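Peer 1: have a look; sequence and predicted model below, questions after that.
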Amino acid sequence: MQSELDEIQLEITKRIYKLFLEKFNGNKLAFAKAAKCDEKTIRRLFDNKQGMTINLLSKISFALKIKPSYLIENLSITVKD
């Protein structure tokens, strides 16, 4: 299950990065300010050195002007009995 969660984390980060490039032209400082978080947090997230909390997901979604559900759309964990 942990490997699935790690894959989901990577996919969400890829989606965020793509939107970040489109909307902030690669400017991590501007993105961090819009998300009301530290630029170091954004750098660590994009370098896959930091996980993401619901709080951070919400802040990033706000900065990107999208719903958090858009970032997790069509992602799921395999349920095993």
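Peer 2: Done, it's in. Numbering: from 1, shown residues only.
Peer 1: what is the neighbour count of Gly30?
Peer 2: Check again: residue 30 is Ala, not Gly. Look at Ala30: counted by other Cβ atoms under 10 Å, it has 15 neighbours. C-beta here means a position set from N, CA and C on the backbone, and glycine is covered the same way.
Peer 1: with adjacent residues omitted, what lies nearest to it?
Peer 2: Phe24 (5.3 Å; Cβ to Cβ, 6 or more residues apart in numbering).
Peer 1: measure that neighbour to Leu64 for me?
Peer 2: Applying Cβ to Cβ, to the nearest Å, the value for Phe24 to Leu64 is 9 Å.
Peer 1: equivalent analysis for Lys40, please.
Peer 2: Distance from Lys40 to Leu64, by Cβ to Cβ: 19 Å.
Peer 1: next: Leu56.
Peer 2: Counting by Cβ to Cβ, the gap from Leu56 to Leu64 is 12 Å.
Peer 1: next one: Tyr17
Peer 2: In terms of Cβ to Cβ, Tyr17 sits 11 Å off from Leu64.
Peer 1: okay, the two: which has more neighbours?
Peer 2: Counted by other Cβ under 10 Å, Tyr17 and Leu64 do not tie: Leu64 has more neighbours, with 21 against 14.
Peer 1: just checking, that one touches Arg15?
Peer 2: No: applying Cβ atoms under 8 Å as the test, Leu64 and Arg15 come out as separate, 9.5 Å apart.
Peer 1: in this protein, which helix is the longest?
Peer 2: Criterion DSSP state H: the longest helix present in the chain is helix 2-24.
Peer 1: can you mark which positions in that one are buried?
Peer 2: By neighbour count with 16 or more other Cβ atoms under 10 Å, helix 2-24 contains the buried residues 9, 12-13, 15-16, 19-20, 24.
Peer 1: same for that helix, what does it pack against?
Peer 2: For helix 2-24, the packing partners by 3 or more Cβ pairs under 8 Å, 6 or more residues apart in numbering; DSSP states H and E come out as helix 28-35, helix 39-46, helix 54-64, helix 68-72.
Peer 1: so it versus helix 39-46, what angle?
Peer 2: 130 degrees (axes from the mean of the first three to the mean of the last three Cα atoms, to 10 degrees).
Peer 1: just want the angle from helix 2-24 to helix 54-64.
Peer 2: Using the same axes, to 10 degrees: helix 2-24 against helix 54-64 is 30 degrees.
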